[in-house]
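Student: For reference, the sequence and a predicted model appear below.
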Amino acid sequence: MNDTITGLPPEPSVDAVVAEMRDTFFCALISDALDELGHMAQAMEPCIRPLDEALVLVGRARTMLYMDVYARPGPDENHYALEIALVDDLQPGDVVVAACGKSGRIAPWGGLLSTAATIRGAAGAVMDGFVRDIRHVRELKLPVYSGGIAPLDSNGRGKVVETDVPVECAGVLVHPGDIIFGDADGCIVIPQALEMDVLEAGRRKLTAEKHTLDALKAGKKLVDVYNEFGVL
């Protein structure tokens, strides 16, 4: 029986969930919604910052797992084979998530990958390594989040060993298809299994925050507003 016959609203599609979050949500709101649901460790480490705080990053994770290496490959070995394959396979709305480990030895993302990702309609990239070619990346207006800025190529320092697998990036477990949301406050991971619950909790909190803000602007005391709406 279809939703028209039952009178029930249709469930949002996957794309509709991402679109609604992009249009109406913000990172702190999502963090609060996840806290409410009992998932209090979904925000990436505070060192993960955007190259451009004016841009918002929202999309679904495509993951790359790096391992440290300590020698440059031979002339017949394509060091970049797996990351090239993933970038060439990006779909509109995808977010590249590069798990670089804790060594701080590589800047896996730069201007050329950003150009290729932008042409394919990707939503952005996030990594717990560094980013380089930052003037070029900023010109592209592609949202990119990283643990810092450095000129260090991955060749001879780190190599992608798997793609589209669960990874830990900046302290958070990321599965392919999870929603990645970033703004000036930071970057957060919404597990795919929780996205509808986060959507509903976020809607409720957004409404309560609007009422709270309107009441504060009207001159009501914070204590009275908090007692009425329970939002701070």
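Tutor: Great, that's in hand. Numbers count the residues shown, from 1 in each chain.

Student: Just the pLDDT for the residue minimising distance to the centre of the chain.
Tutor: Central residue of the chain (Cα atoms, centre = their mean): Ile180, 2.7 Å from the mean position. Per-residue pLDDT puts Ile180 at 98.

Student: In the chain, mark out all the strands, start to finish.
Tutor: Remark: strands assigned in the chain by DSSP state E are 49-50, 57-68, 94-99, 124-127, 144-146, 158-163, 167-169, 172-174, 179-183, 186-190.

Student: okay if I get the ones you listed as TSV plus distance to Ala116?
Tutor: In this view, the C-beta of every residue, glycine as well, is placed from N, C-alpha and C. TSV is the format used below for the strands of the chain (distance: least, Cβ to Cβ, whole Å):
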stretch	distance to Ala116
strand 49-50	20
strand 57-68	13
strand 94-99	10
strand 124-127	11
strand 144-146	13
strand 158-163	15
strand 167-169	20
strand 172-174	21
strand 179-183	19
strand 186-190	22
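
Student: Between these, which one is closest to Lys217.
Tutor: For Lys217, the closest of these is strand 179-183, at 22.9 Å, according to Cβ to Cβ.

Student: which secondary structure elements does that closest one contact?
Tutor: Contacts defined by 3 or more Cβ pairs under 8 Å, 6 or more residues apart in numbering; DSSP states H and E place strand 179-183 against helix 14-24, helix 27-36, strand 57-68, strand 124-127, strand 186-190.

Student: burial of the nearest residue to Leu113 once chain neighbours are set aside, as a residue count?
Tutor: Nearest residue to Leu113 in three dimensions, chain neighbours excluded: Val87, at 5.8 Å (Cβ to Cβ, 6 or more residues apart in numbering). Other residues near Val87 come to 25 when the count uses other Cβ atoms under 10 Å.

Student: In this structure, where's the longest helix?
Tutor: Looking across the chain with DSSP state H, the single longest helix is helix 195-217.

Student: Identify each buried residue in it, please.
Tutor: For helix 195-217, a neighbour-count test (16 or more other Cβ atoms under 10 Å) marks 195, 197-199, 201-202, 205, 209, 212, 215 as buried.

Student: Same check on stretch 116-136?
Tutor: By 16+ other Cβ under 10 Å, the buried positions in stretch 116-136 come out as 117-118, 122-134.
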